[in-house]
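A.B. asks: with the sequence up front, the predicted model follows.
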Amino acid sequence: MSGPEELITVPVIKAEHAYKVFGRRPERAVERLRAGTAREELHREGVTAAVIDASFEVDAGEIFVVMGLSGSGKSTLIRMVNGLLTPTAGHLEVAGHSVQDLDDRGLRKLRREQISMVFQHFALLPHRTVGENAAYGLTLQGMNRSDRQAQAEKALEMVGLGGWGGSLPGELSGGMRQRVGLARALAAGTEVLLMDEAFSALDPLIRREMQDQLIELQQRLDKTILFITHDLNEAMRLGDRIAMMRDGRIVQIGTAEQILNDPANDYVAQFVQDVDRTRVLTASSVMEPPVAVLGSEQGPRTAHRLMREHQVSHLMVVDRSYSLLGVVREDDVARAVERQQDDLTGLVEPVVTVAPDVALADLFAASAVSPDALAVMEGTRLVGVIPRVTMLSALASVGGQKVADADIQAVGGGQAFAAAAPAGGGHS
Ligand SMILES: Nc1ncnc2c1ncn2[C@@H]1O[C@H](COP(=O)(O)OP(=O)(O)OP(=O)(O)O)[C@@H](O)[C@H]1O
């Protein structure tokens, strides 16, 4: 999301104490649930409380994942969001519209103009071409043929299917068909994407590719995405935030890191215990923010003083245009002060830069190249420092050993300005 921070964001999707009960006298069942009757007791009476007291908000541009085992209520929840099911109690809102207050016409309009769905089983029309399938939503919107084709072709290109518009779905692999489903949703140009187990039918490798593609597309398109999955790793990879569902209730809402580090209850804790934390935790979770900046005229003495003042072990060195040049270490600086050296010559060592969203596992790979510390850069801005000792202790605390390719880059020595980061202590 962009814009000034004081901008108040209005949630695009909102659920307030939503209930959905299937069976006899559903309203009465809601009252009983509110009064503390267990879901199992209702179940014994043949009444299913599919969704119980669900509240959440999805902000514009967010990927919000609803994650839970089979039968936990995910599909029921998403069907209430798009108005296919009316909540037994509570309130659902999409793009400012109160979903359950819309009549059929209003609902159709909402689905046509604001919401696109992507399903597990593609739902492609087999006798229509890929292009016509991608343009399907636009046909419903009443757009003319040539505009439709152009927009569909653009969407197909976005998902890597440029040039396939004339083929039939049957000529495509499963992964490609799912891309057509995604292209159809994108072509419709709606703000909201509802994705119900959208990648669950795909082979693991293709699935991962689709996840990467969704993340990449989302960076450009900034849609509001409600994504349903029963796969925890998928939830953790995709979700800006994740709602964990169990037996109809949302038991926790949080980022992947929050859920891993601070599970709301034993159920969640058990659920996440086998997740490879080194792939979920990122540079931003272990980095330490830069706490000071100094000018180029300031040498080892100032650096030394700053390091002590701020209790830091490393200073990142940047030039006058704030480009990162390297890192100086506490012992080198101390020795330079003893020698009465006036500038930072010879003290600045190359530093490896990483993006804030690089996984811990990949930091480990980066640390093999960078002896002392990593610089965390958001574009050209230094946003944090990870002393090696911090990273190693973080890795040790999550038991991670995996190493993979990282988006890493080394920069050489120099001097001028320096930004300081707190000394590396153990992060656990
Ligand atoms: N139309 C219906 N009538 C009766 N019970 C229903 C209906 N739809 C869903 N249920 C029940 O509601 C509960 C939640 O189902 P739901 O499909 O929402 O779960 P889910 O998390 O999406 O599961 P899955 O991943 O298997 O689709 C289940 O016990 C299911 O049997």
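C.D. replies: Received, thanks.

A.B. asks: C-alpha from now on. contacts and neighbour counts both.
C.D. replies: Noted.

A.B. asks: so which bits of the longest helix anywhere in the chain are buried?
C.D. replies: As far as residue count goes, and with DSSP state H defining each element, the longest helix of the chain is helix 204-221. Using 16 or more other CA atoms under 10 Å as the test for burial, helix 204-221 gives 207, 210-211, 213-215, 218.

A.B. asks: next: stretch 161-176.
C.D. replies: Of the residues in stretch 161-176, those buried under the neighbour-count criterion (16+ other CA under 10 Å) are 161, 164-165, 168-169, 174-176.

A.B. asks: just the ones of the residues you listed in helices?
C.D. replies: Counting by DSSP H, the buried residues of stretch 161-176 contribute 174-176 to helices.

A.B. asks: residues in contact with stretch 13-32: which ones?
C.D. replies: Contacting residues not belonging to stretch 13-32 are listed as 42, 46-59, 76, 81, 86-95 [CA atoms under 8 Å, 6 or more residues apart in numbering].

A.B. asks: cross-check those against the ligand and keep the overlap.
C.D. replies: Filtering these for proximity to the ligand by CA under 6 Å from any ligand atom leaves 48, 50, 76.

A.B. asks: now the buried members of the contacts of stretch 13-32.
C.D. replies: Buried members of these, counted by 16+ other CA under 10 Å: 42, 47-59, 76, 81, 86-95.

A.B. asks: out of the residues you listed, list just those in helices.
C.D. replies: In this view, those that belong to helices under DSSP H are 42, 76, 81.

A.B. asks: for those, which one is nearest the ligand?
C.D. replies: Taking CA to the nearest ligand atom as the measure, the ligand sits nearest to residue 76 out of those, at 3.7 Å.

A.B. asks: low-confidence ranges, the stretch 1-150 of the chain, go.
C.D. replies: Screening the stretch 1-150 of the chain residue by residue with the criterion pLDDT under 70, one finds the ranges 1-9, 122.

A.B. asks: up against the ligand, what does it have?
C.D. replies: Counting by CA under 6 Å from any ligand atom, the positions of the stretch 1-150 of the chain adjacent to the ligand are 22, 48, 50, 68-76.

A.B. asks: can you show me the strands along the stretch 51-200 of the chain?
C.D. replies: 63-68, 89-94, 97-98, 115-119, 192-196 (DSSP state E, counting those that start in this stretch).

A.B. asks: right, and those - which one's nearest residue 249?
C.D. replies: Across the strands of the stretch 51-200 of the chain, residue 249 has its closest neighbour in strand 63-68 (9.7 Å, CA to CA).

A.B. asks: can you list the strands that the closest one pairs with?
C.D. replies: strand 224-229 (parallel), strand 241-246 (parallel) (DSSP bridges).

A.B. asks: could you check the angle it makes with strand 192-196?
C.D. replies: The directions of strand 63-68 and strand 192-196 differ by 30 degrees, with axes from the mean of the first three to the mean of the last three CA atoms, to 10 degrees as the criterion.
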